[in-house]
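Chemist: Predicted model, plus sequence, below.
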Amino acid sequence: MVIFPNCKINLGLHITGKRPDGFHELETVFYPVPLKDIFELVTAAELQFDSTGLSIPGNPENNLCIKAYHLLKQDFPHLPPVHMHLHKMIPMGAGLGGGSADGAFALQLLNEKYKLNIPTQQLIEYAANLGSDCPFFIINKACYATGRGEILKPIQLDLLNYYFVLVNPGIHVNTKWAFEQIIPGPSKQNIVSILEQPIEEWRKYLFNDFEAPITKAHPIIGVIKDQLYQLGASYAAMSGSGSTLFGIFKTKPSDKIKSAFDCSVFISS
């Protein structure tokens, strides 16, 4: 079986507090975007994982797809060995949640293929054990997120008539360093209420707390954001802790927009 894990963007992101467990409290809206990996799973004689596409650093045993398998195997010992193949197209460490998507989609595919009959809420709980962003990809539609990102409330936000341009400058932002740059505090205005306004108004009120310190460290972030607005974006921002920028356009941008950036660019269809 083959599935296509998609990425996400953050519409607004505020760090509102530090938790006793070391995690941070946050407020954001996750929104799915159709830049996708390709994930295949078949029954095998032994557990295997391999990948093509973008290089995945680190030990394959630490990949969230493998961790998803082991997580379910604990509760479903009859789960057979599988061969997983991941063709990686979503940049890693880019604020797009690609790894989280792969892990969450692996949970769902294992559940479906082997008829484990795990209800959605329990899948969400399994996903939360994999990582803070993973539960979103079980729901995979616009969600207001709080806690460390795992407390999700689906919201009405339809951007299907818009086009997304993702620009990844290839800068790796250390997540621990990024959080150290933030002084947590309550947000001035609820993100959902901002998103209820016309998209042209978002630029005035909708912010990502990480964007200012990361732009200071990597000025190209600000340059790309300005370029997206100059090219006609109704709204542009950095996703997550970076370094990917996104622009939301009312009309489909020309493929020529890719030549405006000296880095990786994705345009949704």
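Modeler: On my side now, so go ahead.
Chemist: Spell out which residues make up each domain of the chain.
Modeler: What automatic domain parsing lists as the domains of the chain is 2-154, 163-267.
Chemist: I'd like those domains laid out as JSON lines, including mean pLDDT and mean neighbour count.
Modeler: (Glycine included, C-beta is placed from N, CA and C.) Conversion of these to JSON lines gives the following (pLDDT from 0 to 100; neighbours: other C-beta atoms under 10 Å):
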{"stretch": "domain 2-154", "mean pLDDT": "95", "mean neighbour count": "18"}
{"stretch": "domain 163-267", "mean pLDDT": "93", "mean neighbour count": "17"}
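Chemist: just checking, residue 235 touches residue 206?
Modeler: Yes: assessed by C-beta atoms under 8 Å, residue 235 is found in contact with residue 206 at 7.1 Å.
Chemist: Contacts for stretch 205-225 next, please.
Modeler: Residues from elsewhere that reach stretch 205-225, judged by C-beta atoms under 8 Å, 6 or more residues apart in numbering: 10-15, 167, 169, 171, 173, 178, 181-182, 189, 191, 194-195, 197, 235-243, 245, 261.
Chemist: Please save the CA atoms from that stretch in PDB.
Modeler: What follows is stretch 205-225, C-alpha atoms only, in PDB (Å, rounded to 0.1, in the frame of the first residue of the first chain):
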ATOM      1  CA  TYR A 205      -1.800  41.000  13.200                       C
ATOM      2  CA  LEU A 206      -0.700  37.400  12.500                       C
ATOM      3  CA  PHE A 207       2.900  36.700  13.600                       C
ATOM      4  CA  ASN A 208       5.300  33.900  14.300                       C
ATOM      5  CA  ASP A 209       7.300  34.500  17.500                       C
ATOM      6  CA  PHE A 210      10.300  32.700  16.000                       C
ATOM      7  CA  GLU A 211      10.500  34.800  12.800                       C
ATOM      8  CA  ALA A 212      12.100  38.000  14.300                       C
ATOM      9  CA  PRO A 213      15.100  36.300  16.100                       C
ATOM     10  CA  ILE A 214      15.700  33.800  13.200                       C
ATOM     11  CA  THR A 215      15.500  36.700  10.700                       C
ATOM     12  CA  LYS A 216      18.100  38.500  12.800                       C
ATOM     13  CA  ALA A 217      20.400  35.500  12.700                       C
ATOM     14  CA  HIS A 218      19.600  34.800   9.000                       C
ATOM     15  CA  PRO A 219      18.600  38.000   7.200                       C
ATOM     16  CA  ILE A 220      17.800  36.100   4.000                       C
ATOM     17  CA  ILE A 221      14.600  35.000   5.800                       C
ATOM     18  CA  GLY A 222      13.400  38.600   5.700                       C
ATOM     19  CA  VAL A 223      14.500  39.100   2.100                       C
ATOM     20  CA  ILE A 224      12.500  36.100   0.900                       C
ATOM     21  CA  LYS A 225       9.400  37.200   2.900                       C
END
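Chemist: can you give me the helices for this protein?
Modeler: Secondary structure of the chain by DSSP state H: the helices cover 64-75, 98-113, 120-130, 134-139, 175-180, 191-195, 199-205, 211-217, 220-230.
Chemist: List the residues that contact residue 246.
Modeler: Residues near residue 246 by C-beta under 8 Å, 6+ apart: 9, 33, 164, 165, 166, 167, 228, 236, 237, 238, 239.
Chemist: now these as CSV including distance to residue 145?
Modeler: Shown next, in CSV, are these (distance: C-beta to C-beta, whole Å):
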residue, distance to residue 145
9, 12
33, 16
164, 19
165, 23
166, 20
167, 23
228, 24
236, 21
237, 16
238, 17
239, 13
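Chemist: Considering those, which is situated nearest to residue 137?
Modeler: residue 33 (11.9 Å; C-beta to C-beta).
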